[in-house]
Every structure is written in C-alpha cells, then in structure tokens.
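In: Make a model of this:
(2 chains)
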Protein chains: 2
Amino acid sequence: MNLPFDIDRAMELAINEARRGAGFVSPNPLVGCVILDSKGEELSRGFHPKLGKDHAEVDALKKIKDKKLLEGAHMVVTLEPCAHDGRTPSCANAIKELPLASVTYGLLDPNPLTAGKGAQIISASGIHCQEYLGDKIPLEELAEQFLINQRMDRAFISLKVASSIDGQMALSDGSSKWITSEQSRALAHHLRATHDGILVGRKTFEVDNPSLNVRHDEFPDKRNKVIVLDPKGKTKNLIEGSNIHKNHPPEDIFIVTEESVEFKGMNNITCSLDESGTFKLSELTNRFLEFGIHSVLVEGGALVHSSFLLQGCWDRLHLFMAPKIFGSTNGISWSQEFGISNMTEACELSWPRSTMVGSDLYYSARNLMAGKNQESSD
Amino acid sequence: MNLPFDIDRAMELAINEARRGAGFVSPNPLVGCVILDSKGEELSRGFHPKLGKDHAEVDALKKIKDKKLLEGAHMVVTLEPCAHDGRTPSCANAIKELPLASVTYGLLDPNPLTAGKGAQIISASGIHCQEYLGDKIPLEELAEQFLINQRMDRAFISLKVASSIDGQMALSDGSSKWITSEQSRALAHHLRATHDGILVGRKTFEVDNPSLNVRHDEFPDKRNKVIVLDPKGKTKNLIEGSNIHKNHPPEDIFIVTEESVEFKGMNNITCSLDESGTFKLSELTNRFLEFGIHSVLVEGGALVHSSFLLQGCWDRLHLFMAPKIFGSTNGISWSQEFGISNMTEACELSWPRSTMVGSDLYYSARNLMAGKNQESSD
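Out: Below is the predicted model of the structure:
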C-alpha cells in the first residue's frame, strides 16, 4: 500500500513518543503511536504512560476530538496492537471498528501464541494492516526488556559499570567513590529507574553499604527492588541497619542464597550453585519473574559482572568511563574475573552507541547473543 | 572593535580550513584564514597547504582577484601572523601594507621571543589587530603538535591503542590481529599520516613484524619515520629483512639504544636509561627534534605505553575500542604496566571526545598535564 507520508519518519516519532513511558510501564513494553489523516497530516501521538493505563493506540485516539478525521486515516504503532483483553481491553478489537485506511506496526507481538492475531483481527475488518519493513533495531531496543522476558522466559539483565578509561572500577585498596561525574550519576539513576531491580554482590554490599535507590528528579516516587547475591547467607545480621534497609521497605529487598534463610520481613530467593560456587544465573533470572522482577541493573562488583559474562546470561552493557587512567597494576578491572582462551570466545557486542556525558564517556551496547543463547540445559 | 560578522563562526571556518593541511605541514602548525569584506561578507578562505608553501593568510589573499575589495576588509586567522622571514616572507609585513580594517588572530605565537611581534607590526600600521577571546580549545588542539614543540622543547607524543571495550589489546598468548574494524584502521592510518614518526617497542617489532607505513588514499606518497625502542640493540640483526626495512628507506628508520650501535644506513639514537631500565623519555623526546621528528604516534606494546604514562611524557591518547569483551584474566591491558597507589595520582585527561567509527568506539583526549609538566630535572 502506498502511504501518503514518510513511514520511517512516522515510526521514528512513534518510537520517541514511546520512550516517554520509560520507568513506568514494566512489565509492559514501551509503545508509541502516531495517527495521520487521509492526506498524511499528523492528527495525534500517543504512548503507554503507565502500567494499567491506556495503551498507546488508545492514548493517541483519545486525543482526536473530531472522530470524522479518522475517515481514511493511518495508524503507525511500534508494536502489534494487542489481541486479548488484559489489564486494558484489546486494542485490535477497538481499532477494527474505526474507519482507518491502514495500520502499520513495528514488531509482531513476540508471544508466538498471540503473534499475528492482532494484525489478523484488524485485517479481517478491511483495514490494510502491515508490518513495518524499515530498520528494526530501534524497535527491538525500545521493547528489549519485554522481548527478552517473552523470548527467554527470564528477567532482562543490564550490566552497569563505572570505570576509568582503561576499565578500572577501583584501586585494589578499594578506593573508588565518585569515579564518574555528577552528570553520569544522574544518567545512572535514570537507568535505575528503568529497571525493576538493582543487583549487587555481597562484597559490594558490605564494603560500600550502598542505598541502591533512585535519586532522580523525573522519578520522585520511584520504588525499586534491591537484590543481593549472598550464597551463604552471610548478610543475615548485617542487612538490618544497612542503607538498603533504611531506603527500601522490606518487601522490596531480595537476598539470594543457596539454602533458604530467614531475613525478617525481607524476601529470600534460593538458587542452586554451579561447581565453581556461583549461582546458576539462568535459573536465578528465570526465578526473578516469579517475584515480579522483569529487569535488573547489575551494579557489581567485578566478580558479579564476571559471573554474568561467563554464563552469557546478560543482555546489555552500560559503561561510564571517566577521563582518567588508573593503570591495571593496582586497579580492579570490571572484567577482572572473566577470561577467554582464544579470540573466537570473545563476548561480541551489537548495536553499540556512545555519547559524552559531561566529561565522561557513556557507552551502551547489547550482548550479541542476547535473546539467542539457549537456556542452560540443566 | 565591533565587527560586522559573527567572529565565532568565522574562526570556526578558519579552523576547518586549516585542517586541510593535516599531514603536510610539519613542523609548522596547521593554520587557516578567512577574509571578509567591509560589510562582513566572506571574500575567501585560505590554509597552509604544505611546508614551504604559502602561509594561510597569503593563500587567502591570493584568492581575491579584485584587490579593491580589501578596502576596510577583515582578516580572521587561527594563529598570530608571523613576524619573521623564514621559509616564506613575513606575513605581518605583507598584511601591514593592506587597507584592512581589522585582523583577529586565534592564538599568540607561542615562541616568547616573537609572541606579539606580528600583532605589533600590524597594529603599528593602523590596522585594528586583536586576539580572539572566544573558545581557545579548538585552536589549541589545531596547533597542538607545534605548541608542545615550542613550549616543551620536545616532540609531541600521541599514544594509540586498539583494544576490546574492556581495555585488552591482546590475549596473553599474543593473539591480537585486527581487533578493530576496517574503518578504525583507516582512521589509524590517517593518524599515522599526521605524525612524523611511528614508534613501537622491540617486542612489538619482533612479534608483529609491522610495516608501520601509511596506507591511506589521502596520503598516497606519504613518507613517515619509524622508531624502535631497543635499549640493548637486540634488533641489530633482525631489522634487515623486516617489514619496516622493506617499507621504508633506511634514513627513515631510527633505532633507539642505550649505547651507540651501528645499523647499516639506518639511524641510531642513543638515550640514557633510568633505574628501572627504561629510556628517559624527556631526554629522548627532546632528541627527536634534532632528527626532524616533531610528532610521534606510539603504537605499543603495553610496556611502551606504560613507560610514557609513568613518566608523564605524553600529550594525547587515541583509543579504538572494538565491540568485544576479552576479559582481564587472559588479556593484556594497555595500561598493564602502569599503576597508581591512590586516586589522586590518576592520569587526568582533558578535552575528551568520542565518536563511533563503524562499530568501534573512537575516543581521543589530551593528557591534562600536557604542556604543563616540568621537564625532568636530571
């Protein structure tokens, strides 16, 4: 079908609109929508603003007061309109009643049981319904947490590292505070706000006593979950009185141990260990879903980052590098505990991008194998 | 003086024009010039295209056929017009004869013996001559090699590193070839073309047998010098037949040793060692000037990079990082042999910038102390 507007530009607008929901929609995906009249002039934009609130399509439709304008109009939406009634009624069923000429959606619903059904409902009503054939990467990135949840049946895992430009997170004496700038830390808190949970290892908990909450103007009331990896339950008597305990209600705190441990009022997740004494992360990240944790920002330390790298159980890297050289001799590299024996085993990254944040470098890329690796077979 | 044009924009144009000479003007600085008529309309742009050829001011003036247009015109030039007759006649003396209204120069001549003299000559003729008061950083960057030569009496030193995103140049078994992409390598050859010499350590010479020449379309006839650090002269019998020897005339090859060694037809530079057996780099980089080497691109290995870092004798870092994680366990970090004992000793970088080059990250920044550190006192 020949559309009377630039579909790439319209999809870009829809993607930008979708991002406005970041931090508020989990476990739903970010979705954006643009509606154009029969001549290709924009009528409205919409997005999914919050879990349980309107889907993007409905949000955009509600903004059009004069419904006559929908005659022969076009809808561009980042994700296939939903076919089922869930927290909100089915979008496909609402759309099929409209006098639209076309609906273009960015990605198919990743759930194989429903994928294509939304499109089918709309097509059956006589509206031309098609999948967008342009650049899929921004669409995949937009919905990446949701897509990994659906495709891999586990939480989406982001590794967040703050280091010197030569990759050192700290010196071997432990000194590390405020390596990066205030602007980087603001962006890091934005990242926290767009993940359900923040994860650290026991050592980081003990040495840094971090708060692991969201301190960002755009998210004044954000509640996030906190996860501490603690195979032997050594934090049992430390967690009360800690900054985590002060800054989060107990039901938002999750301690992961091998055997079950009682943490007064807090959650305990058990997970088995592999031969090296490390948690089996495909098991753990799958269990996160049961606890309503669909995305996790892993904040270290080096041992924890390395275990996610080693097990290939991670999706995105967020790297903040300060304009400093610490040197490897006395430094702790963020990939300290990870190694490969030949170049073909290197972790490959995809969709890399970088920007300066103040004087720091911010780099973000995907694990090339994210969404592709098999669940471990045990 | 109120100029009838946007001086910041004009200086930016002059800077961009200057860059066209990159790779051809050493040991001169890159200089660009814009001439605007009395109403502020651009008349011409010029740059210093090649050592011994016209200076930027003359290049720009020559492009104006109708000399009447110079009545009340304005000149904007990145560096103070030269006061002395050198390879070319004094620009200040040529300019003072013109009916210009103003000359604005970006930086003063860094040589304290001549600084301000060019401006003085022009002012004395009644032309309003002023230093630019806007952002000096792009001007300092433009002329950085020349400025360091003048201020520090030594060659300008750039460290070039190709690594994984976690800072590993190679695996401990030595495998490393083509870590970065073709686009990065093209940019790396551009960097080679804009330095007089390429420097490697003996081990890199022996293990990689590199050619260290310039392979870049924009510089088909570029001859560059090659420097090998070899304290004990162990390469004496290896250098003939090597790729360096095949790709460079012997007079362009420089082997640095502690005691003088005969390298048939090639150059031998001697330099004393410090207690750790490392060359005293302030002595060496000063000696480079005697051999017509005003800028050096240091290409490794890790030991060589670290010795420049340790001695604080370097000016700019060029970092190419591939979208791969090698891990530190079996990797060789580019800052492997460098270390600090507390955070205040970290090498600080200034003027950082980054861009994606294909799928690689390219990062460049200055040593904050470049041009500020004292010559070592020995």
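In: count of residues packed around A:Gly292?
Out: 12 (other CB atoms under 10 Å in any protein chain shown). (Each C-beta comes from the backbone N, C-alpha and C, glycine too.)
In: What does the residue nearest to it when sequence neighbours are not counted show for phi and psi?
Out: Nearest residue to A:Gly292, sequence neighbours excluded (CB to CB, 6 or more residues apart in numbering or on different chains): A:Asp196, at 7.0 Å. Dihedral pair for A:Asp196: phi -70, psi -40, per degrees, to the nearest 10.
In: do you know how far A:Asp196 is from chain B?
Out: To chain B, A:Asp196 is 25 Å away according to CB to the nearest CB, to the nearest Å.
In: Please name the nearest non-neighbouring residue to the residue in the stretch 1-150 of chain A positioned nearest to chain B.
Out: Among all residues of the stretch 1-150 of chain A, A:Ile137 sits closest to chain B, at 12.3 Å; criterion: CB to the nearest CB. Once flanking residues are discounted, A:Ile137 sits nearest to A:Trp351: 5.9 Å by CB to CB, 6+ apart.
In: Quick check, that neighbour in contact with A:Leu139.
Out: No. Here A:Trp351 does not reach A:Leu139: they are 11.8 Å apart, not a contact under CB atoms under 8 Å.
In: Break chain A into its domains for me.
Out: Chain A resolves into domains spanning A:7-142, A:155-367 when parsed by automatic domain parsing.
In: As JSON lines, those with mean pLDDT would be great.
Out: Listed next are these as JSON lines, based on pLDDT from 0 to 100:
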{"stretch": "domain A:7-142", "mean pLDDT": "95"}
{"stretch": "domain A:155-367", "mean pLDDT": "95"}
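In: who are the neighbours in contact with the residue nearest to A:Gly292?
Out: A:26-27, A:155, A:224-225, A:292-296 (CB atoms under 8 Å, 6 or more residues apart in numbering or on different chains).
In: Need those in CSV (columns: secondary structure).
Out: Below are the contacts of A:Asp196 laid out as CSV (DSSP: H, G, I helix; E, B strand; the rest coil):
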residue, secondary structure
A:Ser26, coil
A:Pro27, coil
A:Ala155, coil
A:Asn224, coil
A:Lys225, strand
A:Gly292, coil
A:Ile293, coil
A:His294, coil
A:Ser295, strand
A:Val296, strand
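In: Please spell out the PyMOL selection for the buried subset of those.
Out: In PyMOL, this line selects whichever of the contacts of A:Asp196 come out buried by 16 or more other CB atoms under 10 Å in any protein chain shown:
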select buried, chain A and resi 26+27+155+224+225+293+294+295+296
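In: Can you show me the helices along the stretch 201-350 of chain A?
Out: According to DSSP state H, counting those that start in this stretch, the stretch 201-350 of chain A carries its helices in the segments A:202-208, A:243-247, A:281-290, A:302-310.
In: So which of the ones you listed is the most surrounded?
Out: Across these, averaging neighbours per residue (mean count of other CB atoms under 10 Å in any protein chain shown) puts helix A:302-310 on top, at a mean of 23.
In: I'd like to know which elements that helix is packed against.
Out: Applying 3 or more CB pairs under 8 Å, 6 or more residues apart in numbering or on different chains; DSSP states H and E, one finds that helix A:302-310 makes contact with strand A:156-164, strand A:197-201, strand A:295-298.
In: ok, which residues in the stretch 151-300 of chain A are in contact with chain B?
Out: Neighbours of chain B within the stretch 151-300 of chain A, by CB under 8 Å from any CB of the partner chain: A:164-168, A:171, A:173, A:175.
In: From these, which land in strands?
Out: A:164, A:168, A:171 (DSSP state E).
In: quick one, phi psi at the most far-flung residue of chain A relative to its centre?
Out: When distances are taken from the C-alpha mean of chain A, A:Lys68 lies farthest, 38.4 Å away, according to CA atoms, centre = their mean. The phi/psi pair for A:Lys68 (degrees, to the nearest 10) reads phi -60, psi -30.
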